[in-house]
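>>> have a look at this prediction, sequence included:
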Amino acid sequence: WLGLLGRQRLGPLSDEQRQAVLKCERNTDKLLRLVDDLILMSRLQSGKMQLADKPVALRALVDRTVKALTTSAELAGVQLKLMPGSETYVRGDAERLTEASFLLVEHALNRCAAGERVELEVGAQDGLATITVRDSAESLDDASLEGLFAPFVQPRHGRSMASSLGLPLVSRIAQLHGGRAEATNTQDGITVRLLLPLFAGALGDPQEAPIEPRAGGILLVEDDPDCREVLNQLLSEEGYRVMEAASAADARKLIAHFRPALVLLDLRLRDEDGRGVL
């Protein structure tokens, strides 16, 4: 709802009101990220999280991260670029490695001011797969550089981070995969690298088949009325036809009459586990 207010989709705002809403949204996002990071750190340190052990295409994973953060980079006026290279494979948990990749890039973007740049490379050397993230922000002193991977430590110089748990989480995820994370100063910024045991390297880039759009509407299955209302509002504004279901029973009744092109499904419905609907 803050996003809709800030984009003035719910009516016009004065410049002062719009700036206040945007600040609320930005800091709410920071708080949400901090809570998510705390939960993830707790699970990783407790040893209760079971990691998958499957081949993961690292460059394709990083490419998806870059695409997901391109809008944020553009809004901040920061150039974000994945350098050319071949695919590299590791064994591990794709979800955790995606989080590590996201946190690496987010950290670099948060360090940069408008007009600066973030470059990424995926490669392999000495039996290790590498994700390298370089930014053109200011360098750090030795103490701040050493503290990048320590939880709740803020750098003494440079821009404030959205979360001081980002790189410590990257380091922990790397360790659980048998790798490590490291940071070094460069002439105009810092370089952070994630190193993982190499599974295999491939020649060339993977060719993804184009995804063809499907006809039909979107079935939204969500029992929380506030969540259901805002999702419907966002999707409808983008021109999608939305059918709502507040329960598993309602969803089944709708599916009996039309086949949706996409289903947004709450997995914690009050009347039934969402996986039963799936």
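Yep, it's here.

>>> just the strands in the stretch 151-278 of the chain please.
180-186, 189-201, 218-221, 242-245, 262-265 (DSSP state E, counting those that start in this stretch).

>>> got a markdown table for the ones you listed, with mean pLDDT and mean neighbour count too?
From N, CA and C alone the C-beta is placed, and that goes for glycine too. Conversion of the strands of the stretch 151-278 of the chain to a markdown table gives the following (pLDDT from 0 to 100; neighbours: other Cβ atoms under 10 Å):
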| stretch | mean pLDDT | mean neighbour count |
| --- | --- | --- |
| strand 180-186 | 92 | 15 |
| strand 189-201 | 89 | 20 |
| strand 218-221 | 95 | 23 |
| strand 242-245 | 94 | 20 |
| strand 262-265 | 93 | 16 |
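
>>> okay, these in TSV with distance to Leu169 next?
Putting those into TSV (distance: least, Cβ to Cβ, whole Å) gives the following:
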stretch	distance to Leu169
strand 180-186	10
strand 189-201	11
strand 218-221	31
strand 242-245	35
strand 262-265	28
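
>>> what's the closest non-adjacent residue to Gly179?
Counting by Cβ to Cβ, 6 or more residues apart in numbering, Gly179 lies nearest to Leu196, which is 3.9 Å off, once chain neighbours are set aside.

>>> so how far is Val90 from the one you found?
Applying Cβ to Cβ, to the nearest Å, the value for Leu196 to Val90 is 5 Å.

>>> what's the overlap in contacts for these two?
Jointly contacting Leu196 and Val90 under the rule Cβ atoms under 8 Å, 6 or more residues apart in numbering are Leu58, Leu97, Ala129, His177.

>>> for the residue lying closest to Ala248 once chain neighbours are set aside, what are its contacts?
Spatial nearest neighbour of Ala248, chain neighbours left out: Glu272 (3.9 Å); criterion: Cβ to Cβ, 6+ apart. Contacts for Glu272 were tallied using Cβ under 8 Å, 6+ apart; they are Ser247, Ala248, Ala249.

>>> tell me who's in contact with the residue nearest to the last one when sequence neighbours are not counted.
Leaving out its chain neighbours, the residue that sits closest to Ala249 by Cβ to Cβ, 6+ apart is Asp271, at 6.4 Å. Asp271 sits next to Asp223, Ser247, Ala248, Ala249 when contact means Cβ under 8 Å, 6+ apart.

>>> can you list the residues you listed in TSV and add pLDDT, neighbour count and distance to Ser72?
Output for these, formatted as TSV (pLDDT from 0 to 100; neighbours: other Cβ atoms under 10 Å; distance: Cβ to Cβ, whole Å):
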residue	pLDDT	neighbour count	distance to Ser72
Asp223	94	18	31
Ser247	93	17	35
Ala248	92	20	35
Ala249	92	12	39
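
>>> so Arg91 versus Ala57, what's the distance?
Distance from Arg91 to Ala57, counting by Cβ to Cβ: 11 Å.

>>> now do Thr28
Between Thr28 and Ala57 the computed distance is 34 Å (Cβ to Cβ).

>>> so for these two, which residue has more residues nearby?
More crowded of Thr28 and Ala57, by other Cβ atoms under 10 Å: Ala57, with 19 against 12.

>>> may I have the phi/psi pair for the more buried one?
Dihedral angles of Ala57 (phi, psi; degrees, to the nearest 10) stand at phi -80, psi 100.

>>> what count of nearby residues applies to the closest residue to Leu69 other than its chain neighbours?
In space, and not counting its chain neighbours, Leu69 is closest to Val105: 5.4 Å by Cβ to Cβ, 6+ apart. Neighbour count for Val105, taken as other Cβ under 10 Å: 26.

>>> from memory Val105 sits against Thr132, does it?
No - Val105 is beyond contact range of Thr132, at 11.4 Å (criterion: Cβ atoms under 8 Å).
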